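S.K.: The following block contains a protein sequence and its predicted model.
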Amino acid sequence: MAEAMAAPQAAPRKKRSRLIIGLLIVLLAAASSAAIYFFLHSRGDAEQTAAVEEKPAEPPTPIFVTIAPFTVNLQSDYGDRLLYVGLSLRVGDQATSDFLVQHMPEIRSRLLMLLSGKSAEELIKPQGKVELKQEILGLFDKPITTPQPELSIDDVLFSDFIVQ
């Protein structure tokens, strides 16, 4: 009789263990699905936050100091040659702009001296204009006054350039 009673109890234990294993599988599947959802959802929020935070910075407003156009006699073997030039200096800060405007007569004088030593043949070529830009930037290496604040001159831009 003891054997008859042991057999019926073995069947419910098998069913119970299968039920527990099935519930564990369902529970693990649900937990992994929830984990994947939250992981992807939080990653999407981080990307959206990063996209919002990574707005491109506005470029600074350029500051230009315009030098009024002037005419210079050029050196030439073929007679009188003239250069009519107008230019602007792109500067990095307002202090440099104010300094250049205050000392414009000296800057124009330095430019006239530099340009009058040039020949028409070299200024007609594109490479000659590039070299001239570098030489104009080099004019500001020598101090205009003593003491002189640090000048922030970024570029020389030609608005008029006529060689006759």
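M.R.: It's in.

S.K.: Outline the domain layout of this structure.
M.R.: Domain assignment for the chain by automatic domain parsing gives 1-55, 63-163.

S.K.: Mind telling me which of those domains the model trusts least?
M.R.: Among the domains of the chain, domain 1-55 carries the lowest mean pLDDT, a mean of 71.

S.K.: Give me the most central residue, the chain.
M.R.: Centroid-nearest residue in the chain, with CA atoms, centre = their mean: residue 59, separated by 7.7 Å.

S.K.: Just the element for that one, please.
M.R.: Under DSSP states H and E, no helix or strand contains residue 59.

S.K.: quick one: it from residue 22, how far?
M.R.: Distance, residue 59 to residue 22, using CB to CB, to the nearest Å: 63 Å. For every residue, glycine as well, the C-beta is placed using N, CA and C.

S.K.: If we ignore the residues flanking it in sequence, what's nearest residue 76?
M.R.: The spatial neighbour of residue 76 that comes closest, neighbours along the chain excluded (CB to CB, 6 or more residues apart in numbering), is residue 120 at 5.2 Å.

S.K.: That neighbour: how many residues sit nearby?
M.R.: Residue 120 has 18 neighbours, counted by other CB atoms under 10 Å.

S.K.: Which residues are in contact with it?
M.R.: 74, 75, 76, 81, 83, 163 (CB atoms under 8 Å, 6 or more residues apart in numbering).

S.K.: ranges for the helices of the protein?
M.R.: Secondary structure of the chain (DSSP state H): helices at 2-53, 94-102, 104-116, 120-124, 126-139.

S.K.: Just put these in CSV and tack on distance to residue 152.
M.R.: Output for the helices of the chain, formatted as CSV (distance: least, CB to CB, whole Å):
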stretch, distance to residue 152
helix 2-53, 30
helix 94-102, 5
helix 104-116, 15
helix 120-124, 27
helix 126-139, 12
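
S.K.: related to what we said a few turns ago, can you select the buried ones among the contacts of residue 120 for me in PyMOL?
M.R.: Selecting only the buried entries of the contacts of residue 120 in PyMOL, with 16 or more other CB atoms under 10 Å as the criterion:
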select buried, resi 74+81+83+163
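
S.K.: which of the contacts of residue 120 sit farthest apart?
M.R.: By the measure CB to CB, 75 and 163 form the most distant pair in these, at 12.0 Å.

S.K.: which residues do the two both contact?
M.R.: 81, 120.
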